[in-house]
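Student: Fold the following for me, if possible:
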Amino acid sequence: QVQLVESGGGLVQAGDSLRLSCAASGRPFTTYNMAWFRQAPGKEREFVAAINWAGGSTSYADSVKGRFTISRDNAKNTVYLQMNSLKPEDTAVYYCAAGRALWIPNEKRDDYNYWGQGTQVTVSS
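Tutor: Alright, predicted model coming up:
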């Protein structure tokens with residue numbers, strides 16, 4: 001089992017940047033693929049970005065491609081989401097998730113077994 005704690009959310013203006021962090025504890029970090037999902041009010045939780053256990057393969061939702069970057073530091077048991085050129089439509093609670101280690105960075109919610117508590121990101125226009 002793994003415990004996940006997100007941090008780094010906040011209130012920013014459109015065009016600003018934020019970096020989210022997710023610290024993992026429990027089982028060895030490299031036994032998990034990691035991902036970020038987000039959920040806006042009244043909407044379903046949606047995929048944002050994923051990275052495989054080794055950090056060598058990533059995947060992004062079309063809506064964030066070119067603006068967001070997912071990375072991981074396996075020595076620090078931490079995954080990051082660098083968010084640049086933020087837009088009001090990026091406003092949501094962002095969740096970190098851990099799933100079974102695969103070479104492919106999976107994008108489906110059902111592939112992830114462990115979730116953090118979420119961190120709020122609000123982008124004003």
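
Student: Tell me where the protein has strands.
Tutor: For the chain, the strands defined by DSSP state E occupy 2-7, 10-13, 18-26, 32-39, 46-51, 58-60, 68-73, 78-83, 92-100, 112-115, 119-124.

Student: among those strands, which is the most enclosed?
Tutor: Using mean count of other CB atoms under 10 Å, the stretch among these with the largest mean neighbour count is strand 32-39, at a mean of 25. Backbone N, C-alpha and C define where each C-beta goes, glycine included.

Student: quick one: A61 and R45 touch, right?
Tutor: No - counting by CB atoms under 8 Å, A61 stays clear of R45, with 11.9 Å between them.

Student: where do the contact lists of the two overlap?
Tutor: Shared contacts of A61 and R45 (CB atoms under 8 Å, 6 or more residues apart in numbering): none.

Student: burial measure for I104, as a count.
Tutor: Applying other CB atoms under 10 Å, we find 11 residues neighbouring I104.

Student: which residues touch the spatially most central residue of the chain?
Tutor: Centroid check for the chain by CA atoms, centre = their mean gives W36 as the closest residue, at 2.2 Å. Residues near W36 by CB under 8 Å, 6+ apart: 20, 22, 48-50, 70, 79, 81, 94-97.

Student: repeat for A23
Tutor: A23 neighbours (CB under 8 Å, 6+ apart): 4-5, 7, 76-78.

Student: can you count the residues close to the residue nearest to Q39 when sequence neighbours are not counted?
Tutor: Among residues not flanking Q39 along the chain, R45 sits closest, at 4.2 Å (CB to CB, 6 or more residues apart in numbering). When neighbours are defined as other CB under 10 Å, R45 has 16 of them.

Student: Against N74, how distant is R45?
Tutor: Using CB to CB, to the nearest Å, R45 is found at 26 Å from N74.
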